[in-house]
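J.: coordinates only, sequence not included:
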C-alpha cells in the first residue's frame, strides 16, 4: 500500500501538474490576484441568458484553455474529474458535455477541486491514465440564487458570511512532466462540529480542516515549517482564525506560513465581502491562477493545499440540521 | 496502462465484492425482487421527521449492514465513495458523517453506484486501498419533492415517467476474497441526445448507454453472448427498448440476455410505475440485493452492469436545456 502513517498516501511517481488555467468574474478582477488569472470577465453573464449557463461556460472555457496550454490532444486525455456547487453539478456536466472525455462527476462542495486532484493522481499512479483533466467552478449569482435569496431582494448578509467566487480553475495532471508535482495526499473525513449557521461556513468547516491538517502532519512526520506555504480554501477570515487556534491547541503553529484562498482573492478593505471568498471556484482559481504560477517561478518549493467543503444544502439547514464539513489535502512540490 | 482498446480498462488483479446489502421501501417490498433485499421497510419515513433524514438513514443502515456482513473492521476501510440524487448529495454526507472513514463524494446521478465501483476498484488496484465502501441511495418522496412536485399535489405523472426507487445499496470492495470479482470497466462519456422531456429520462439516457455498451464490446472484443446477463440501471421500459434498437442498429443483438434494473424492481401489471423504476438506489439495491446473490449462487457467471445517469437539474429543464446522460459499465465475474 502506498500509505504513510494511518491515513495519508504517497504517489509512487509524483504526478505532474500542467496547463493550469483560471478564469474569473468582475469582482475577482478588482481583487489583489487579478494579474495572475488568465482571464477576468466584465460581464457575469458572459453573454449567456442565465447565470447557470454562464457558469457552464466558465467550465467549458477554462478546461479548453487548460487543454490548449498543456499541448495535449483532447483524445489523449483519459478522464475528466469535475464538480461544482450547483444542484446535481450541472455547471460541470453542461460545461463538459461536448468534451467527449470519459467523465467522473464529483461532489465535495468547495473541496471538490482537491478531491479531483487526489483521484486524478490515483488514476495516473495506479496506471489507469496518462492524462487527467481536473476542474471546478462556482458563480456568485447562481450560488446566491440557489443557496440563499434572489439577488433582486438586495438582502443583507451577516458579517460571518462569505462571498462565492465567480470563477473556474482547471488543470491537467500528467504522468510525465517537469512539475510542479503532486507528491501525496491526505483524504478528508466528514467532520460535524454541530455548527448550524449557514452564514458561517468558515466555522463549520474549520474542524474538518483541522482534522486533515493534523492527520497530515502526524502521518507524514512533517511540521508547518516543512512547507513554504499552507493554503486552505475556503475558510475565509473567521474559519482561518479558528483553524490557527485549533492547530495551536494541538501543538502546531501555522500562523507564519498559512493563509486561505478565500482571504487572498478579495481585498479586505476595498471589497465588501465580509468573511472573504468561498465556492468551488475559489480554491480552484487561486490555485490555478496564483499558487501554480508561484510554484513555477520557484517562489514556493513545497506547499500544502487543503480544500474544505460544507456538505449541506438549503433544505438540510431549513430542517435545522448542522453542517458537516470535509477537507482534502495534497502536498505539492517543484 | 491497464487499458483495453480505446477506452476500457482491466484490473491487474480482479477486485473482490463482499458484504453487498440492500434496504428498500414499502413499494419495493411489493415488487418481484422483495425476497432478495436484506430489509424492506413499511414506513417511508423510517421514524424520521423528514424524507431527507429518512434517506440518510437508508445510507447509514445499509452501509453499516454491508460493513457488518463483510466482517471487516470499520477502521480497516480505507475510503468510502458514495453519492445520491439530493441537492449537494446530502443523503450520503449526513448518512456517513459518523462513519469516520475518509470520504470521496461522487455525483453521477443514477450512474453513481457504478462510478463508485469503478473508482473504488482503481484505488484498490492502484495500491491505495485494501477495502473500499461504495454506496448509493434514492427516495421516492425526497426526489419527487425536489425534482418535480410536492407529493401532496397528487400530480399526474405522464406514461413515460419513471418511479424513483426508495432504497439504498452498499458493498465493500476488497483486494482479496473469493468473489464475485470486478474484472474491468468502461467509463462513461457525457452524451446529449437533445431530449428535453424531464419526464422521459429513459430516452435521454439511452444514447449514453449505447455509447458505453458499444465502446465496451469493441474495446474488449466481446459480444452480448459473452455475458450471462447485461443489466442497465435505470433506463426503464422506454429506455430499454430504445437501447435494444440502438444496439441492434450497430450490429449487436442484446435482446435475449439484457434487461434493466428499473424494469426488474417493480411489477409492470400490478404496480403503477409507468416506465419502471429509477434513482441512484435502483441499480444499487438491485445489484446488491438480486444480481450479487445470483452471482454468489452461480446462476450468473459473468455479467455486465451499466448504470446510467441524467446529468440535469430542475433549473436546467425549466430553462429549456436538454438532458445530457452518462453511463458507466463494470464487468463482473465469479
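T.: Cool, got the structure. Only a predicted model underlies this, so the values are computations on that prediction, with no experimental measurement involved. Residues are numbered from 1 along each chain as shown, chains lettered A, B, ... in the order given.
J.: for the residue in chain A that chain B sits nearest to, grab the count of nearby residues.
T.: Here the residue of chain A nearest chain B is residue A:126; by CB to the nearest CB that distance is 2.0 Å. C-beta coordinates here come from the backbone N, C-alpha and C atoms, glycine included. When neighbours are counted by other CB atoms under 10 Å in any protein chain shown, residue A:126 registers 22.
J.: how about it, what does it touch?
T.: B:2, B:122, B:123, B:125, B:126, B:127, B:128 (CB atoms under 8 Å, 6 or more residues apart in numbering or on different chains).
J.: got a markdown table for these, with secondary structure too?
T.: A markdown table is the format used below for the contacts of residue A:126 (DSSP: H, G, I helix; E, B strand; the rest coil):
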| residue | secondary structure |
| --- | --- |
| B:2 | coil |
| B:122 | helix |
| B:123 | helix |
| B:125 | helix |
| B:126 | coil |
| B:127 | coil |
| B:128 | coil |
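J.: report the buried members of those residues.
T.: Among the contacts of residue A:126, those classed as buried by 16 or more other CB atoms under 10 Å in any protein chain shown are B:2, B:122, B:123, B:125, B:126, B:127, B:128.
J.: nearest to chain A, of those?
T.: residue B:126 (2.0 Å).
J.: can you list phi and psi of the closest one for me?
T.: Backbone dihedrals for residue B:126, given as degrees, to the nearest 10, come out at phi -90, psi 0.
J.: try residue A:186
T.: Dihedral angles (degrees, to the nearest 10) for residue A:186: phi -120, psi 110.
J.: what about it, distance to residue A:105?
T.: Using CB to CB, to the nearest Å, one obtains 23 Å as the distance from residue A:186 to residue A:105.
J.: same check, this time on residue A:116
T.: 10 Å.
J.: shared neighbours of those two, which are they?
T.: With CB under 8 Å, 6+ apart, residue A:116 and residue A:105 have common neighbours A:82, A:83.
J.: tell me where the model's unsure across the stretch 101-250 of chain A.
T.: Residues of the stretch 101-250 of chain A meeting the criterion pLDDT under 70: none.
J.: can you show me the helices along it?
T.: According to DSSP state H, counting those that start in this stretch, the stretch 101-250 of chain A carries its helices in the segments A:112-125, A:140-147, A:201-220, A:236-249.
J.: export the ones you listed as TSV, with columns for distance to residue B:170.
T.: Below are the helices of the stretch 101-250 of chain A laid out as TSV (distance: least, CB to CB, whole Å):
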stretch	distance to residue B:170
helix A:112-125	20
helix A:140-147	29
helix A:201-220	23
helix A:236-249	32
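J.: most tightly packed of those?
T.: helix A:112-125 (a mean of 29; mean count of other CB atoms under 10 Å in any protein chain shown).
J.: quick check: the farthest pair among the contacts of residue A:126?
T.: Using CB to CB, the contacts of residue A:126 reach their maximum pairwise distance at B:2 and B:128, which is 14.2 Å.
J.: give me the most central residue, chain A.
T.: Nearest to the mean C-alpha position of chain A, counting by CA atoms, centre = their mean, stands residue A:283 at 3.3 Å.
J.: quick check, that one in a helix?
T.: Yes. Residue A:283 sits within a helix when classified using three-state DSSP.
J.: return the residues in contact with it.
T.: Residue A:283 touches A:110, A:113, A:114, A:136, A:169, A:231, A:233, A:234, A:261, A:305, A:307, counting by CB under 8 Å, 6+ apart.
J.: for residue A:25, same thing?
T.: A:40, A:41, A:44, A:139, A:140, A:165, A:166, A:167.
J.: mind redoing it with 7 Å?
T.: By CB atoms under 7 Å, 6 or more residues apart in numbering or on different chains, the residues touching residue A:25 are A:41, A:44, A:140, A:166, A:167.
J.: mind checking the backbone torsions on it?
T.: When read as degrees, to the nearest 10, the backbone of residue A:25 gives phi -90, psi -170.
J.: about what we covered before: could you redo the buried ones among the contacts of residue A:126 as CSV and give each row distance to residue A:160?
T.: Shown next, in CSV, are the buried ones among the contacts of residue A:126 (distance: CB to CB, whole Å):
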residue, distance to residue A:160
B:2, 47
B:122, 39
B:123, 37
B:125, 44
B:126, 41
B:127, 43
B:128, 37
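J.: of the residues you listed, which is the nearest to residue A:322?
T.: residue B:123 (29.1 Å).
J.: can you give me the pLDDT of residue A:92?
T.: Residue A:92 is assigned a pLDDT of 98 by the prediction.
J.: how about it: what's its closest non-neighbour residue?
T.: Among residues not flanking residue A:92 along the chain, residue A:82 sits closest, at 4.1 Å (CB to CB, 6 or more residues apart in numbering or on different chains).
J.: how many other residues sit next to the one you found?
T.: With other CB under 10 Å as criterion, residue A:82 counts 32.
J.: tell me which element it is part of?
T.: Take DSSP states H and E as the rule and residue A:82 turns out to sit in strand A:79-84.
J.: got the angle for that strand vs helix A:112-125?
T.: Going by axes from the mean of the first three to the mean of the last three CA atoms, to 10 degrees, strand A:79-84 is angled at 170 degrees with respect to helix A:112-125.
J.: quick one: strands adjacent to strand A:79-84?
T.: Here strand A:79-84 is paired, per DSSP bridges, with strand A:103-105 (parallel), strand A:131-138 (parallel).
J.: pick the most buried one from the ones you listed.
T.: strand A:131-138 (a mean of 31).
J.: against residue A:231, how distant is residue A:167?
T.: In terms of CB to CB, residue A:167 sits 16 Å off from residue A:231.
J.: tabulate the contacts of residue A:25 (JSON lines), appending distance to chain B.
T.: What follows is those, written out as JSON lines (distance: CB to the nearest CB, whole Å):
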{"residue": "A:41", "distance to chain B": "21"}
{"residue": "A:44", "distance to chain B": "16"}
{"residue": "A:140", "distance to chain B": "16"}
{"residue": "A:166", "distance to chain B": "17"}
{"residue": "A:167", "distance to chain B": "19"}
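J.: around chain B, which positions in the stretch 151-300 of chain A sit nearby?
T.: Proximity of the stretch 151-300 of chain A to chain B is confined to A:187, A:188, A:189, A:190, A:192 under the rule CB under 7 Å from any CB of the partner chain.
J.: including neighbour count, could those go into CSV?
T.: Below are these laid out as CSV (neighbours: other CB atoms under 10 Å in any protein chain shown):
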residue, neighbour count
A:187, 28
A:188, 31
A:189, 23
A:190, 26
A:192, 20
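J.: I figured residue A:176 hits residue A:16, correct?
T.: Yes. Assessed by CB atoms under 7 Å, residue A:176 is found in contact with residue A:16 at 6.2 Å.
J.: what's the span of stretch A:222-233, first residue to last?
T.: 21 Å (CA to CA, to the nearest Å).
J.: the residue nearest to residue A:225 when sequence neighbours are not counted: neighbour count?
T.: Distance criterion CB to CB, 6+ apart; nearest residue to residue A:225, sequence neighbours excluded, is residue A:257 at 7.1 Å. Other residues near residue A:257 come to 17 when the count uses other CB under 10 Å.
J.: pLDDT score for residue A:257?
T.: For residue A:257, the predicted pLDDT is 97.
J.: let me know whether residue A:199 touches residue A:160 as I believe.
T.: Yes. Shown here, residue A:199 and residue A:160 form a contact pair, counting by CB under 7 Å, at 5.6 Å.
J.: most neighbours out of the contacts of residue A:25, which is it?
T.: The most neighbours of any of the contacts of residue A:25, using other CB under 10 Å, belong to residue A:167, which has 35 neighbours.
J.: now tell me what touches stretch A:36-52 from outside.
T.: A:21-26, A:28-29, A:34, A:54, A:57, A:65, A:86, A:90-91, A:139, A:141-142, A:145, A:166, A:285, A:289-290, A:293, B:315-316, B:319.
J.: got it, and stretch A:265-280?
T.: So stretch A:265-280 is contacted by A:27-28, A:30-33, A:83-85, A:110, A:112-113, A:136-138, A:143, A:157, A:159-165, A:201-202, A:234, A:236-238, A:260-263, A:282, A:286 (CB under 7 Å, 6+ apart).
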